[in-house]
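Asker: next input, structure requested:
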Amino acid sequence: MTEPEPQTAAPAAEPTTTINDPAVMRALAHPARLAVLDHLSHAEDGATATQVAEIVGLSPSAMSYHLRALAKVGMIEEAPGRGDGRERVWQARYKQFSVGGGGRDDAPEVIAAEAQFVEAFLARSNDRVRRHLAKVRDEPEEWFELSRISEHTLLLTPEEFQTFLKAFDALIEPLKRTQRSSAPPTARTISVHFRAFPED
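Answerer: Here you go, the predicted structure:
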């Protein structure tokens, strides 16, 4: 009889920082920079430009440019060195962040920067789906059937829509782990893309 795998308790959820500065939103409006932030938010010891460049698929010099741009707007910072002092180690300042203006009456500059960010975010999101589909048949059997891409059109009142969003948040919040050390050994990074908005 196989012993059940020990479960690691999920840590308390990291606070989410809201980004509404148009200069920061514009700096984030690049798929490579979003990929960098995603990697650094999970890298327990940070990463160098060379390490992140390999993951994102850019040269170290191009990656250094993007890292400096992110550092300039305060999204990343230097991590403690690893002893040799020859290369900077970077870490994310925020484990979780959301992007958006304050409301309906945002200044045109804020609205334009938010739209710029959304375009970059969607481009990266769609690219991740395409890359997965290109290699999905190479997945181990236990993972092959677990991918899902679907769309549902719901007819909801504002109250029902709010209830649905709260239920989704409540379901996903305990599963958020930012560090590999807090996850069970068989865990993999799962990319969850969620879009919900009223249509005309």
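Asker: next, Arg93: phi, psi?
Answerer: Torsion angles at Arg93 (phi, psi; degrees, to the nearest 10) stand at phi -80, psi -30.
Asker: quick one: it from Ala35, how far?
Answerer: Distance, Arg93 to Ala35, by C-beta to C-beta, to the nearest Å: 17 Å. No exception for glycine: its C-beta is placed from N, CA and C like everyone else's.
Asker: what do you get for Leu156?
Answerer: When distance is defined by C-beta to C-beta, Leu156 is 34 Å away from Ala35.
Asker: more crowded one of these two?
Answerer: In this comparison of Leu156 against Ala35, neighbours counted by other C-beta atoms under 10 Å, the higher total goes to Ala35 at 19 against 12.
Asker: that one touches Val56, doesn't it?
Answerer: Yes: look at Ala35 against Val56 with C-beta atoms under 8 Å: they come within range, at 4.8 Å.
Asker: phi, psi for the residue nearest the centre of the chain please.
Answerer: When the chain is reduced to its mean C-alpha position, the closest residue under C-alpha atoms, centre = their mean turns out to be Asp38, at 4.5 Å. The main-chain torsion angles of Asp38 are listed as degrees, to the nearest 10 and equal phi -60, psi -50.
Asker: quick one: it from Lys95, how far?
Answerer: When distance is defined by C-beta to C-beta, Asp38 is 11 Å away from Lys95.
Asker: what mean pLDDT does stretch 17-30 have?
Answerer: Mean per-residue pLDDT for stretch 17-30: 92.
Asker: okay, buried residues for that stretch please.
Answerer: Of the residues in stretch 17-30, 19-20, 22, 24-30 count as buried by neighbour count, 16 or more other C-beta atoms under 10 Å.
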